[in-house]
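Enquirer: need coordinates for the below:
(3 chains)
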Amino acid sequence: MKLRIGVYICSCGTNISENLDIDELARVSSSLDTVTYVKVHNLLCSEEGKNYLAEDILKEKPDRAVIAACTPKEHEKTFRNVLQKAGLNPYLFQMVNIREQIAWVTSDKTAATDKAKSAIRMAVRRVALHEPLEKKEIDCNTDALVIGAGPAGMEAALLLAKAGRKVSLVEKNAFIGGRVARYEEVFPKMECASCMLEPIMDEILHDENIELLSCSEVQEVLGFVGNFVVQIKKNAGFVDKDKCLGCGACYDVCPVKIKNEFDYNLSERHAIYVPYVGALPNVPVIDKKNCLRFKGENCTLCKESCMFDAINYDDKDELLERNVGGIIAATGFELFDPSVLPQYGYGRIPEVYTSLEFERLLSQTGPTGGKLLMKNSKEPESVAIIHCVGSRDKNFKEYCSSVCCMYALKFARLIEKHSPSVKVYDIYADWCVPGKDNQAFLNSVREWENIKFLHTSLPMNAEIQQKGDAITVSCTDINGKKNELSCGMVVLCPAMLPSKDNMRLSELLQITKDQDGFFAEGHTKLAPVSTNIDGIYIAGCSQGPKDIQNSVAQGAAAAGQVLASLVPGRKLELDVMTAEIDGKACAECMICLNLCPYKAIVLDREKKVAVVNTVLCKGCGTCVAACPSESANSRHFTTQQIFAEIEEALK
Amino acid sequence: MAKPKVAFYWCASCGGCEEAVVDLAENILKVVAAVEIVLWPVAMDFKIKDVEALQDGEIAVSFINGGIRTSEQEHVAKLLRKKSGLVVAFGACAHLGGVPGLANFYNRDKIFEYVYHKSPSVVNPEKITPKESTMVEQGELTLPKFYDTVYPLDKVIDVDYYLPGCAPPPDLIMTAVEAILAGNLPAKGTVLAPDKSLCDTCQRKITKPEKSVIKELKRVHEVLLDPERCFLDQGIICLGPATRDGCGERCINANMPCRGCFGPTSRVEDQGAKFLSALASIMDANDEAAIIKLTDSIVDPAGMFYFYSLPASMLGRRIDPDIE
Amino acid sequence: MCNWCSYAGADAAGSARKTYPPNISVIRVMCTGRIDPQFVLKAFQSGADGVLILGCHPGDCHYKEGNYKALRRFHLLRRMLGQLGIDEGRFRLDWVSASEADKFVATVHDMVKTVKALGPLHKITAPSSLGTKGKGSGAFQEMGNG
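Expert: Residues are numbered from 1 along each chain as shown, chains lettered A, B, ... in the order given. Reported below is the predicted structural model:
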């Protein structure tokens, strides 16, 4: 039975009709033996036009429709809706651009008309090969997994929980709070960091909808948006959190003393410990590697000291499984290791510290109780702070690490507050102090009489030597003059790097990283927290260097994405024009597998074929073009449809 | 009941397809017992006029191998078509044009010039070139016209079935012959081999990584070929993914990569183009310089990707303004 | 042309009423990654004298990497087409963003000029003595195909 193809030509007011001969176009098109009828309308996109179209479709009942009008980018959707309401599958329709790409750009009217005739013929031939496509929907889980309990992760978790979603918050450490748990005060308002975090961490621990899995790491992620299955390994802590009151009796009696990594080895802890006083959750863990009992000895000192019987040596690692709809990766940062740059003396000269180490020295919960003391317990006479160590340096990291200028000023302000006689030398290349309050902070620190600023050029060129009891710092300033100063302590501001976990996680989650290892955002401006994988979002320093304020903002943004895309009661609508692989034809050559940026093609090892996951497929067609046996085809952009257009174009 | 009449004919071919029939070994006795051969120039003494004398359609099936590149081949192919119920394009040359099809990079004049004048081993000081007719004492002697282009059989006559391969493997031939004799045949125009690519049954498939990328390409004489690993994974061009299955991977089992003699699957119009697409897609290069470095390392893309299929490809031959 | 950048760029040229030669026919695909070398061959087989592919700039592909795949295929295909007697100038790949109406127009002008200078692509038709299935019987038309 012959297909009934109806052609509608819109003259777009005079936009189209003044540049090509509509009557001639209609005449020639209706003489095509595959065309059943041709109708001309003045303005199809108007209310009247749309009504006309709908009524005409209902009357004529064509099998296919071709509309020659403006660009499909303008009204393809409009007309698809009209056709659907009029009972014609919206994909049994082809739009022809005779305005932007013909009428408006062709100087000769006859030439324009000829081009339009060809374009309509192409569409008529193509549309005969269209299939009716139906929109699909799937159920989705609206709960979430948040990886990382720093400021970004906690913000995301709290927002999601508030909206009623169940959140599994996975944190590899025994404590929450991220890096901020190590700070004494935060810029620019010099707020007490622990006071700032306390209410947030409290909510995290007590919210019904948040399941905190500390000492845990994500092992495997299967599935896709709305339907993830996540496997999490929860490492045994050996202390029952429901029984423990956090009294601290157990760590006081532990005979083992080892370096405390929370304090960057500047202090010591026991084998059963909390990383710092005030750590939350306030439940110690046993460090299996260093605990005497786990090394074979029969020590039970901690268990004996516990009045609440909270210690359980038989605790085992657990493998947990969670079903979630969305995942947020907020895994934070670590610092560039300055020992790679021997001129800074880090690791060689005892009083050269990184900024995170220095934070611990200034912290009340740190190795010196917040007093500015050198390793010999004396106060230094002066402290030099050096910016841009490894940052803004083409040999290491080209980017600016965003927060160092501000925390260098914070250090100066803290020293001014607690050790006002100590002199500070601030060696900087530029000031990076954007935002509402930061410039004012810089201005006020500048007024302190004990701080001297040394302006150098990039890359940072300071050289640090131990000279007797003191340290000499020499560097060339911006005017080319060599400067040398003597001080007791040096604080380096190393570049901010993504957490080492990003490597492993990017593979697990299949999200892309940039050349520096930070998770890659979907679009620099318009999609800062999305990734190439639907349903997986990123936030905080795992995406790039930023301060707490921006990390929290991104945490909220990521939560917003999850809340918006996964709505209870609403199904996930899938893309219609996806690729499909003919299971009878596919030979499992696997050439397509790695080509998909959305990881939408998977191997069915049992059936020995590749399968397109239509939930993730965005319909780009790259796999279809690559398939050497033409087993993959693209709904609505099939090879035969395009061949038909090409052949017709050249007749 | 009379035995069905069968004809074998060869056009522009190497003779390997006749050997393939002989390779049926003891099975050939079954064939010979079941049919009456009315034409087989390599083995029997029937003449063209014997075929001309038959009724139209009297031959049950003609197996024609070789591509069409002379007027004589065209003539006999058309004759056999007229006299046969079924015509089977036998072997890669009849199916796709085959290796002789690589002559489609040239034309008659260029070929003759090389073969009769320029080839290092030719001594032809008078620059004699073959002609289609010459007068001798007894009259005119003629030779068939040598075309500029090699054509697959189906560009000349209507073909019912194709037996692919260079040469078709004995088991494929037996299956086809048995099916024909039993009248148990698929739709007209079918290639009588599985419609999936070679990777489906290749034993090296399990060594293929899921993330296949090409970082470097090498030629078979440049490296020691690992007898167990997927060739593409070793950086060796293997047309397996773009080639129809059914040959039993005889080349691959002999540690040589597939050259594509079975042609593409039914859904593909141009085997060389599809293979090119697959190979280029998995190249591990995104900037132009790196891409060009990789593509330049392929010495002869057209010759390699169209090794058997140039005449059957979409362009059919090199575009040549010197040809009518 | 790909649906996102280059097609929009061509539309922008239209909105700005910039004129260019009418002898290009446009095939719209969602991404240049969809462009199968068979499409290019089909175009030349059907009578095109030139084929132009336009896509998003590297790094801007709406589908992340489709244009890189297109670039890889393009280079190998262009070389192979050269071996098949199709001059390099007849096959071109370029990047046009949604805002580059001028670049679109300039590219079309340049392509038409290049192809015109190369002349019509000689079409091989099967000799009339041969059978019905001869392909490549397109007319000598000067057309770029995008």
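Enquirer: quick check: closest non-adjacent residue to A:L44.
Expert: Closest residue to A:L44 apart from its sequence neighbours, by CB to CB, 6 or more residues apart in numbering or on different chains: A:C10 at 4.2 Å. (C-beta placed from N, C-alpha, C; glycine too.)
Enquirer: what's the weakest-modelled helix or strand in the chain?
Expert: Just going to use chain A. strand A:572-573 (a mean of 86; mean pLDDT, DSSP states H and E).
Enquirer: meant chain B actually
Expert: Going by mean pLDDT, DSSP H and E, chain B bottoms out at helix B:27-34, a mean of 81.
Enquirer: in terms of secondary structure, what does the helix or strand that comes right after that one contact?
Expert: As assigned by DSSP states H and E, the chain's next helix or strand after helix B:27-34 is strand B:36-39. With contacts defined as 3 or more CB pairs under 8 Å, 6 or more residues apart in numbering or on different chains; DSSP states H and E, strand B:36-39 has these neighbours: strand B:5-10, helix B:48-52.
Enquirer: report the angle between the longest one and helix B:27-34.
Expert: When you say that, I think you mean strand B:5-10. If you take axes from the mean of the first three to the mean of the last three CA atoms, to 10 degrees, strand B:5-10 sits at 130 degrees to helix B:27-34.
Enquirer: show me the beta-bridge partners of the most centrally placed residue in chain A.
Expert: Nearest to the mean C-alpha position of chain A, by CA atoms, centre = their mean, lies A:I538 at 2.4 Å. Applying DSSP bridges to A:I538 gives these bridge partners: A:A329.
Enquirer: ok so, going back, tell me what the least confident helix or strand of chain A is packed against?
Expert: On a contact count with 3+ CB pairs under 8 Å, 6+ apart, strand A:572-573 meets strand A:137-138.
Enquirer: what's the first helix or strand after the strand it packs on?
Expert: Counting by DSSP H and E, the element after strand A:137-138 in chain order, helix or strand, is strand A:144-147.
Enquirer: what's that following strand packed up against?
Expert: helix A:151-162, strand A:167-170, strand A:318-324, strand A:326-329.
Enquirer: shouldn't the residue nearest to the centre of chain A be in contact with A:G332?
Expert: No. Counting by CB atoms under 8 Å, A:I538 stays clear of A:G332, with 11.2 Å between them.
Enquirer: show me where the stretch 501-650 of chain A has strands.
Expert: Per DSSP state E, counting those that start in this stretch, the stretch 501-650 of chain A carries strands over the ranges A:536-538, A:572-573, A:579-581, A:601-604, A:609-612, A:632-634.
Enquirer: to clarify, my last question referred to the stretch 301-450 of chain A.
Expert: Counting by DSSP E, counting those that start in this stretch, the stretch 301-450 of chain A has strands at residues A:318-324, A:326-329, A:333-335, A:352-354, A:382-389, A:423-428.
Enquirer: CA atoms of the longest one as CSV?
Expert: Coordinates of the C-alpha atoms in strand A:382-389 are reproduced here as CSV (Å, rounded to 0.1, in the frame of the first residue of the first chain):
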residue,chain,number,x,y,z
SER,A,382,59.9,35.5,62.6
VAL,A,383,57.9,33.4,60.1
ALA,A,384,58.2,33.6,56.4
ILE,A,385,55.1,32.7,54.3
ILE,A,386,55.8,31.8,50.7
HIS,A,387,52.9,31.8,48.1
CYS,A,388,52.6,29.9,44.8
VAL,A,389,54.7,26.9,45.6
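Enquirer: and it, which strands flank it?
Expert: Strand A:382-389 has these strand partners (DSSP bridges): strand A:423-428 (parallel), strand A:489-494 (parallel).
Enquirer: contacting residues for A:I536?
Expert: Going by CB atoms under 8 Å, 6 or more residues apart in numbering or on different chains, A:I536 touches A:V225, A:G326, A:I327, A:I328, A:A329, A:L509, A:I511.
Enquirer: and it, how far from A:M196?
Expert: Going from A:I536 to A:M196 by CB to CB, to the nearest Å gives 29 Å.
Enquirer: ok, now B:G240?
Expert: 63 Å.
Enquirer: shaky segments in chain C?
Expert: By pLDDT under 70, the weakly predicted segments of chain C are C:124-146.
Enquirer: helices of that one, residue ranges please.
Expert: Applying DSSP state H to chain C gives helices spanning C:6-15, C:37-46, C:66-83, C:101-118.
Enquirer: out of those helices, nearest to chain A?
Expert: Nearest of these to chain A, taken as CB to the nearest CB: helix C:6-15 at 2.9 Å.
Enquirer: relative to helix C:66-83, how tilted is that closest one?
Expert: 90 degrees.
Enquirer: can you give me the buried ones in helix C:6-15?
Expert: Across helix C:6-15, burial judged by 16 or more other CB atoms under 10 Å in any protein chain shown covers C:S6, C:Y7, C:A8, C:G9, C:A10, C:D11, C:A12, C:A13, C:G14.
Enquirer: could those residues be laid out in a markdown table, adding distance to B:F307?
Expert: Conversion of the buried residues of helix C:6-15 to a markdown table gives the following (distance: CB to CB, whole Å):
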| residue | distance to B:F307 |
| --- | --- |
| C:S6 | 35 |
| C:Y7 | 37 |
| C:A8 | 42 |
| C:G9 | 40 |
| C:A10 | 39 |
| C:D11 | 43 |
| C:A12 | 45 |
| C:A13 | 43 |
| C:G14 | 45 |
